[in-house]
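Chemist: Let me see the structure of the following:
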Amino acid sequence: MTVRRISDIVRHKHPLTLPAHATVCEACRQMRERRIGAVLVVDEAQQLVGIFTGRDAVALMAESRNPAETTLSKVMTKKPCSISTRHSAIDALRLMEDGGFRHVPIVENGKVVSIVSRGDFHGEEQERLDTETGYWERI
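Modeler: Residues are numbered from 1 along each chain as shown. Modelled structure (predicted):
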């Protein structure tokens, strides 16, 4: 099996980034327009400060909070796990599996480069993760 690097996966991706003071309504509108499931929340230096996903939007609605008045800083996951472009695809999948999430920000030198999600990976990468998981469960 060919080991893909994260740099191969994100070469032509342009992640949606917004400042922490953007509203949930604006984030959801842009997520829908781009057909994506996550927004990377950045500071003025483009450094990652959080991530906002569809799951966060559902939690906000379940709490009856107003998305037009709630800023991302109030509902985002702060300091999310991230990886660099030097990692392999299987590294990203392991991180998602261990953390129970579907998106991983890609950061280089402290700045957002891109994002990967479960849908970015080939079946053979998922099969390898399943094999590894099964191996560790038997030990």
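
Chemist: first to last residue in stretch 10-22, what's the distance?
Modeler: 25 Å (C-alpha to C-alpha, to the nearest Å).

Chemist: what comes up buried for that stretch?
Modeler: 10, 15-16, 18, 20, 22 (16 or more other C-beta atoms under 10 Å). Glycine gets a C-beta too; all of them are placed from N, C-alpha and C.

Chemist: Any idea how many residues pack against residue 121?
Modeler: Residues near residue 121, counting by other C-beta atoms under 10 Å, number 19.

Chemist: Check residue 62 too.
Modeler: Residue 62: 8 surrounding residues under other C-beta under 10 Å.

Chemist: same thing with the one 10 residues further on?
Modeler: Look at residue 72: counted by other C-beta under 10 Å, it has 22 neighbours.

Chemist: quick one, what contacts it?
Modeler: Contacts of residue 72 were listed using C-beta atoms under 8 Å, 6 or more residues apart in numbering, and they are 18-24, 27, 39, 41, 50, 52.

Chemist: any idea how far residue 87 is from it?
Modeler: 26 Å (C-beta to C-beta, to the nearest Å).

Chemist: Next: residue 59.
Modeler: The gap separating residue 59 from residue 87 is 29 Å, by C-beta to C-beta.

Chemist: For those two, indicate the residue with more neighbours.
Modeler: residue 87 (18 against 12).

Chemist: Roughly how far does the more buried one sit from residue 9?
Modeler: With C-beta to C-beta as the criterion, residue 87 and residue 9 are 10 Å apart.

Chemist: Between the buried residues of stretch 10-22, which sits nearest residue 93?
Modeler: Proximity of the buried residues of stretch 10-22 to residue 93 (C-beta to C-beta) peaks at residue 10, which lies at 14.3 Å.

Chemist: I figured that closest one hits residue 108, correct?
Modeler: No. Taking contacts as C-beta atoms under 8 Å, residue 10 lies outside contact range of residue 108: 10.5 Å.

Chemist: Cheers, nothing more for now.
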